[in-house]
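*Asks:* 3D, please:
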Amino acid sequence: MAYLSGIIEEIKKTFHVEIHGNCQDRHTIDGIRFLTDTDVAISYLSPNILYLASFSKYGSQMLYGDILFIDCQEKTPVSDALSISEELDLIELYNVIEDVLLCYQQVEIHKQTLFRALHNGLGLDALLQTAYKFIQNPIVLCDSSYSVLSSYPEVSDDVNLEIRNHRLSLKSVFSENMKHNRITDHIYHSVYPFATKVDDYPYDWIFQSVRIKRAVIGYVCIRCIEREYTDADLDLIHSLTQMISIQLQKDDSYRNPQGIKYDMFLRDLFAGHFDSEEIIREQLSFLGLKPGSYYYLVICSFRNPSMKLMADHYYIQQLSLILPDSITGIFGNRFVTLVATSEMRTLIEKQESRLETFLTMNHMIAAVSYLYDTLKDSSAYFAQCNSLILKKLVTYSEHPIIYYRDHYFSQVVDALQNKELVSASIHPAIKFMQKHDKANHTEYLHTLEVFFDNNRNAQATANALFIHKSTLFYRFDKMRQLFGIHLDDKDALFSYEYSLRLLKILFHEIWQTGSPIE
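*Replies:* Numbering: from 1, shown residues only. This next block holds a predicted model:
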């Protein structure tokens with residue numbers, strides 16, 4: 001068996017001719033014959049057999065099957081057949097096609113060798129090594145978080161790879177290149193291997209998704225640096241990915257020995273069972289996660305429970321690679337990740353991109369909480385994410401990542417009776433600003449309140465504070481540096497004003513003015 005498209009390409013390359021007519025994608029040919037009078041009398045030719053014929057003898061006959069006419073000149077066969085304008089030696093043409101068929105027979109032999117490696121439990125490395133003997137180009141298997149699961153020969157590419165969380169992974173710049181060129185989308189939507197070009201590389205790259213049922217859990221990448229690929233290579237790669245899928249389902253290499261401890265810690269944390277912040281931080285350190293200056297939660301859930309196709313530890317490992325400095329627990333069919341960070345922000349751009357790809361490939365969605373700095377408050381932020389997940393499982397969301405910052409107001413409306421949850425909706429920059437003012441006797445919060453009281457007019461605000469306009473802008477710049485506020489973002493401005501008003505309602509506080517801000 002060989003693909004007709006592969007036969008056509010080999011004929012064109014060998015004889016330097018063009019072949020006219022239609023060729024169905026992935027149509028297969030099992031053998032070749034010379035067209036005879038007996039075949040013409042039947043009209044309906046044997047399926048999947050390629051018949052060779054001279055146009056002058058049989059071109060005017062209406063036949064049904066796979067036929068290649070030669071010496072057509074400018075004429076078109078009556079049958080829906082392939083044709084070559086030039087005159088070729090039919091025997092030479094036969095031999096070229098036979099070589100292609102023999103090549104594909106070798107592919108079938110290699111498929112059987114791959115199957116034996118799978119059946120004997122030799123693992124991923126053996127599967128890739130066996131495939132390499134035929135493909136003769138480097139093969140890399142990556143998971144959905146762009147980490148290398150296996151490769152042959154072993155890869156050590158400083159340009160595109162880096163060590164992340166003790167795992168060899170694609171650098172963010174290369175994964176972003178894949179997204180920009182829509183290679184990631186193609187991997188996700190295609191069930192067959194495809195060849196493409198990648199920026200700054202002169203050779204072809206071949207990609208194919210690795211799937212378990214409908215979910216994309218990784219992909220195979222072949223760099224054609226040793227020889228050009230053929231259709232036979234694509235056929236073998238397709239079989240390789242199917243066997244990798246089976247091997248991954250058998251593989252137990254994704255185990256998470258800390259899993260039960262993480263589950264227990266997070267359940268106790270969200271239930272408020274710890275007496276003090278110090279005890280929580282000690283427990284976190286004991287689990288191997290260094291406490292951070294700030295924290296946030298990410299809850300991941302399947303759009304449909306039936307879409308969960310791998311063991312829990314597989315998804316946990318992917319999340320740990322995407323979100324370093326984190327621990328993940330299992331809550332039913334959901335994965336709850338507590339992330340520690342030194343930055344006053346949640347997901348950075350490259351993490352967001354990787355998480356989005358992981359979620360899309362596994363038919364999942366994720367909710368991201370506000371940033372907070374007190375672990376004892378975790379239960380409220382856990383509730384933030386949980387409520388978002390529940391809503392989005394009922395109302396479809398095209399984007400897989402849902403940020404609380406985009407939904408806080410609607411959640412507050414739904415939860416006005418829950419003071420703790422309402423308090424957690426206050427923008428983190430406002431909370432941090434309030435703490436800073438009390439600790440350092442500054443007036444940043446008061447300055448922002450006066451700004452809103454004066455309809456966001458800078459000159460009116462400066463007059464109300466009895467300061468020069470340039471001094472006001474200096475304060476705004478300091479606030480941006482210290483708390484990450486954005487006074488040029490209308491949505492952020494609404495969030496700050498909402499938070500200031502909510503502080504007054506909840507706590508009836510009157511901010512005390514302190515010493516002048518330098």
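*Asks:* avg pLDDT for stretch 375-388?
*Replies:* For stretch 375-388, the mean pLDDT works out to 92.
*Asks:* what do you get for stretch 133-151?
*Replies:* Summarised as a single mean, pLDDT over stretch 133-151 is 87.
*Asks:* how long is that stretch end to end?
*Replies:* Start and end residues of stretch 133-151 are separated by 13 Å (CA to CA, to the nearest Å).
*Asks:* other SSEs contacting the top helix by length along the chain?
*Replies:* Looking across the chain with DSSP state H, the single longest helix is helix 90-119. Applying 3 or more CB pairs under 8 Å, 6 or more residues apart in numbering; DSSP states H and E, we find helix 90-119 packed against strand 2-3, helix 4-15, strand 31-34, strand 49-54, strand 66-70, helix 124-135, helix 231-250. No exception for glycine: its C-beta is placed from N, CA and C like everyone else's.
*Asks:* Turn those into CSV, columns for mean neighbour count and distance to Phe473.
*Replies:* Converted to CSV, those look like this (neighbours: other CB atoms under 10 Å; distance: least, CB to CB, whole Å):
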stretch, mean neighbour count, distance to Phe473
strand 2-3, 24, 68
helix 4-15, 18, 66
strand 31-34, 15, 81
strand 49-54, 20, 78
strand 66-70, 24, 77
helix 124-135, 20, 59
helix 231-250, 20, 57
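*Asks:* Quick check: which of these is nearest to Ile84?
*Replies:* Nearest of the helices and strands packed on helix 90-119 to Ile84, taken as CB to CB: strand 66-70 at 4.9 Å.
*Asks:* so what strands line up beside the helix or strand just after the closest one?
*Replies:* On the C-terminal side of strand 66-70, the closest following helix or strand by DSSP states H and E is strand 82-84. Strand 82-84 has its sheet partners listed here by DSSP bridges as strand 19-20 (antiparallel), strand 66-70 (parallel).
*Asks:* which regions of the stretch 301-450 of the chain sit below the pLDDT cut-off?
*Replies:* Where the stretch 301-450 of the chain drops to pLDDT under 70, the residues are 393-397, 413-417.
*Asks:* Which parts of it are strands?
*Replies:* 326-331, 334-341, 364-368, 401-403 (DSSP state E, counting those that start in this stretch).
*Asks:* Return the list of helices and strands in contact with the longest one.
*Replies:* If you count contacts as 3+ CB pairs under 8 Å, 6+ apart, strand 334-341 packs onto helix 259-270, strand 294-302, helix 312-322, strand 326-331, helix 378-394.
*Asks:* What of the first one?
*Replies:* Helices and strands touching strand 326-331, by 3+ CB pairs under 8 Å, 6+ apart, are helix 259-270, helix 312-322, strand 334-341.
*Asks:* got those as a markdown table, with distance to Ile244 and mean neighbour count columns?
*Replies:* Listed next are the helices and strands packed on strand 326-331 as a markdown table, based on distance: least, CB to CB, whole Å; neighbours: other CB atoms under 10 Å:
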| stretch | distance to Ile244 | mean neighbour count |
| --- | --- | --- |
| helix 259-270 | 25 | 17 |
| helix 312-322 | 14 | 22 |
| strand 334-341 | 24 | 22 |
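*Asks:* one step back: and the helices and strands packed on strand 334-341 as CSV, adding distance to Gln247?
*Replies:* Listed next are these as CSV, based on distance: least, CB to CB, whole Å:
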stretch, distance to Gln247
helix 259-270, 23
strand 294-302, 23
helix 312-322, 13
strand 326-331, 24
helix 378-394, 32
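*Asks:* and of the ones you listed, who's closest to Asn160?
*Replies:* Here helix 312-322 is closest among the helices and strands packed on strand 334-341 (CB to CB), at 16.3 Å.
*Asks:* angle of that closest one against helix 231-250?
*Replies:* In terms of direction (axes from the mean of the first three to the mean of the last three CA atoms, to 10 degrees), helix 312-322 departs from helix 231-250 by 110 degrees.
*Asks:* Mean pLDDT added to the strands paired with strand 82-84, as JSON lines?
*Replies:* Listed next are the strands paired with strand 82-84 as JSON lines, based on pLDDT from 0 to 100:
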{"stretch": "strand 19-20", "mean pLDDT": "92"}
{"stretch": "strand 66-70", "mean pLDDT": "93"}
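*Asks:* Of the ones you listed, which is nearest Ala195?
*Replies:* Among the strands paired with strand 82-84, the nearest to Ala195 by CB to CB is strand 19-20 (20.3 Å).
*Asks:* Name the strands paired with the helix or strand just after the closest one and say parallel or antiparallel.
*Replies:* Remark: after strand 19-20, the chain's next helix or strand is strand 28-29, criterion DSSP H and E. Its sheet considered, strand 28-29 pairs with strand 2-3 (antiparallel) by DSSP bridges.
*Asks:* Just the mean pLDDT for the partner strand, thanks.
*Replies:* Averaging pLDDT along strand 2-3 gives 84.
*Asks:* contacting residues around it?
*Replies:* Under the contact criterion CB atoms under 8 Å, 6 or more residues apart in numbering, strand 2-3 has outside partners 26-29, 100-101, 103-104, 231-232, 235.
*Asks:* Go again with 10 Å.
*Replies:* 9-10, 23-32, 50, 97-105, 107, 230-232, 234-235 (CB atoms under 10 Å, 6 or more residues apart in numbering).
*Asks:* Tell me which residues touch the nearest residue to His27 once chain neighbours are set aside, please.
*Replies:* Distances taken as CB to CB, 6 or more residues apart in numbering place Leu4 nearest to His27, at 4.6 Å, with adjacent residues excluded. When contacts are counted by CB under 10 Å, 6+ apart, Leu4 touches 23-29, 48, 50, 66, 68, 82, 100, 231.
*Asks:* of all those, which comes closest to Asp437?
*Replies:* Using CB to CB, the contacts of Leu4 come closest to Asp437 at Asp25, 66.9 Å.
*Asks:* Run a quick check on that closest one versus Ser5, I expect a contact.
*Replies:* Yes: at 7.3 Å, Asp25 counts as touching Ser5 under the criterion of CB atoms under 10 Å.
*Asks:* Which of the residues in stretch 93-110 are classified as buried?
*Replies:* Residues of stretch 93-110 classed as buried: 93, 96-97, 100-101, 103-104, 107, 110 (neighbour count, 16 or more other CB atoms under 10 Å).
*Asks:* what do you get for stretch 461-469?
*Replies:* So for stretch 461-469, counting by 16+ other CB under 10 Å, buried means 461-462, 465, 467.
*Asks:* Keep only those of those that are in strands.
*Replies:* Assigned to strands by DSSP state E, none of those qualify.
*Asks:* Can you add distance to Ser306 and give those back as JSON lines?
*Replies:* Formatted as JSON lines, the buried residues of stretch 461-469 follow (distance: CB to CB, whole Å):
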{"residue": "Thr461", "distance to Ser306": "56"}
{"residue": "Ala462", "distance to Ser306": "60"}
{"residue": "Leu465", "distance to Ser306": "59"}
{"residue": "Ile467", "distance to Ser306": "62"}
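*Asks:* Pick the one among those residues closest to Gly59.
*Replies:* Thr461 (87.9 Å).
*Asks:* tell me the pLDDT at that closest one?
*Replies:* Thr461 is assigned 94 on the pLDDT scale.
*Asks:* residues touching it, list them.
*Replies:* So Thr461 contacts 447-455, 467, 469, 472, 475-476 (CB under 10 Å, 6+ apart).
*Asks:* rerun at 7 Å
*Replies:* 450-451, 454, 472 (CB atoms under 7 Å, 6 or more residues apart in numbering).
*Asks:* how near is Phe409 to Thr447?
*Replies:* Using CB to CB, to the nearest Å, one gets 24 Å for the distance from Phe409 to Thr447.
*Asks:* now swap in Asn181 and tell me
*Replies:* Separation of Asn181 from Thr447 (CB to CB): 46 Å.
*Asks:* Mind checking which of those two has more residues around it?
*Replies:* The neighbour comparison of Asn181 against Thr447 (other CB atoms under 10 Å) goes to Thr447, with 22 against 14.
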